[in-house]
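Participant: 3D, please:
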Amino acid sequence: MAVTSREPAPPRRNPAALFQRGMFHNQQHGVRRFLAVLLALLSLVGALIWGGGGVDAWRQLAPVWWGVVGALLFQGLFTYGQWVFGGPGWWNPLYLICWGASTLMTVLGYWPLVHRWVAAQLLALAGGNATSVLGYYAPWLAGGIIIIVAALLDWLPEQTLLD
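Facilitator: Down below sits the predicted model:
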């Protein structure tokens with residue numbers, strides 16, 4: 001027989017709230033898994049853009065299909081390698097090679113798609129002044145941002161989906 005407490009529930013901290021945070025607590029694991037799969041798919045999309053011949057080939061609806069299949073196979077192989085050789089010893093050279101190759105495929109896919117836009121946003125932050133430090137290095141910083149985001153797209157899903 002279950003024992004129930006007769007203590008009153010603590011008062012709500014925010015009387016204007018529509019939902020209690022505890023209602024969503026049980027959904028955290030499912031949402032984390034969903035987001036991890038979504039990030040892995042975003043990484044895969046970058047590899048498919050690159051493997052299919054780049055942005056222009058996809059815009060013309062004429063991707064290189066053997067490249068798409070190759071990108072799928074390589075991305076799957078590198079992801080599998082990350083998951084096999086990763087873990088507490090992340091400095092394992094085989095893990096780093098798989099992670100780097102997977103990240104490189106994602107970078108090559110997204111670079112032509114977003115580099116110019118990110119660089120323009122950074123230049124706008126500099127007030128359009130291309131001679132300022134931020135304006136001068138905007139293309140380099142944009143490339144660094146793309147590389148970091150692609151590396152995270154490859155790394156974060158394994159941190160959630162693997163024990």
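Participant: what's around Gly67, how many residues?
Facilitator: 16 (other Cβ atoms under 10 Å). The C-beta positions use only the backbone N, C-alpha and C, and glycine is treated the same way.
Participant: So which bits of the host helix or strand of it are buried?
Facilitator: Taking DSSP states H and E as the definition, one finds Gly67 inside helix 65-85. Going by neighbour count (16 or more other Cβ atoms under 10 Å), the buried part of helix 65-85 is 67-68, 71, 75, 78-79, 81-82, 85.
Participant: just curious, which of the residues you listed is nearest to Ile49?
Facilitator: Of all the buried residues of helix 65-85, Ala71 has the smallest distance to Ile49: 8.5 Å, by Cβ to Cβ.
Participant: so where's the protein shaky on pLDDT?
Facilitator: Within the chain, the segments meeting pLDDT under 70 span 1-5, 8-12.
Participant: residues making contact with the strand or helix carrying His29?
Facilitator: Counting by DSSP H and E, the element that carries His29 is helix 28-51. Residues from elsewhere that reach helix 28-51, judged by Cβ atoms under 8 Å, 6 or more residues apart in numbering: 55, 58, 64, 67-72, 74-75, 79, 102, 105-110, 113, 150, 152-154, 156-157, 159-161.
Participant: Pull out the buried positions in the host helix or strand of Ala101.
Facilitator: Using DSSP H and E, the element containing Ala101 is helix 93-125. Using 16+ other Cβ under 10 Å as the test for burial, helix 93-125 gives 95, 98-99, 101-111, 114-115, 118-119, 122-123.
Participant: Cheers, nothing more for now.
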